[in-house]
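*Asks:* predicted model, plus sequence, below.
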Amino acid sequence: MNKKNLLKKINSVNKNSLEETLEIEFIDIGEDFIIAKMPVTSKVLQPDGVLHGGATAALAESVGSAASYFSIDKDKQIVRGMVISCNHLKGVTEGYVYGKATPIHKGRTTQLWEIKVNDDNDNLISHCKLSTIILNKR
C-alpha cells in the first residue's frame, strides 16, 4: 500500500475515538517513524490558555501506539500502552503540534518509543517515551 493510502486508512480507523475528538491526523509515515499533528484549539487548552499536558500525552500515546501497531502481526496480535512519560518543556497557545514517534527498542513482547512533540516553528514542546506490550489476540 502506498504512503498516501496508508495514511488515509490510519486516519479512517480513528473515527469515533479520542483521536477524532482531539482532531489528531496522521500526516507522514516511514520505515522508522510516524508523524501526526493536532491543532491547538480551545478544546485542548488549560483554563489559562496553554496547551494541556494531558492532550499532549494523548497525542504522544496515539502516535507511539500507531508506530508499535505497524510492527506486529495484525492478524494474531494487539498492542496496548503500558507506561507513558512526558517532559513538557515549552507552552503553546495556538497553531499545531506535531508528534513524531521513533523506536528505541522493538522487542517481541515489549517496545519503547520516543515521541518528540514540536510546534509549528519546530521548537521542542514535549519529550515523551511510551512503552507498549504486544499481546496475542484471544
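*Replies:* Arrived safely, thanks for sending. Computed from a predicted structure; not experimentally measured. Residues are numbered from 1 along each chain as shown.

*Asks:* where's G95 relative to K37, distance?
*Replies:* G95 sits 10 Å away from K37, going by CB to CB, to the nearest Å. Glycine gets a C-beta too; all of them are placed from N, C-alpha and C.

*Asks:* what of A60?
*Replies:* Counting by CB to CB, the gap from A60 to K37 is 13 Å.

*Asks:* before we move on, back to that, show me which of G95 and K37 is the more surrounded one.
*Replies:* Counted by other CB atoms under 10 Å, G95 and K37 do not tie: K37 has more neighbours, with 19 against 14.

*Asks:* let me see the contact set for the most centrally placed residue in the chain.
*Replies:* Nearest to the mean C-alpha position of the chain, by CA atoms, centre = their mean, lies V63 at 1.8 Å. The contact partners of V63, taken as CB atoms under 8 Å, 6 or more residues apart in numbering, are F26, I34, I35, A36, G99, K100, A101, I115.

*Asks:* any chance of JSON lines for the residues you listed, columns neighbour count and secondary structure?
*Replies:* JSON lines is the format used below for these (neighbours: other CB atoms under 10 Å; DSSP: H, G, I helix; E, B strand; the rest coil):
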{"residue": "F26", "neighbour count": "22", "secondary structure": "strand"}
{"residue": "I34", "neighbour count": "27", "secondary structure": "strand"}
{"residue": "I35", "neighbour count": "22", "secondary structure": "strand"}
{"residue": "A36", "neighbour count": "29", "secondary structure": "strand"}
{"residue": "G99", "neighbour count": "28", "secondary structure": "strand"}
{"residue": "K100", "neighbour count": "18", "secondary structure": "strand"}
{"residue": "A101", "neighbour count": "25", "secondary structure": "strand"}
{"residue": "I115", "neighbour count": "27", "secondary structure": "strand"}
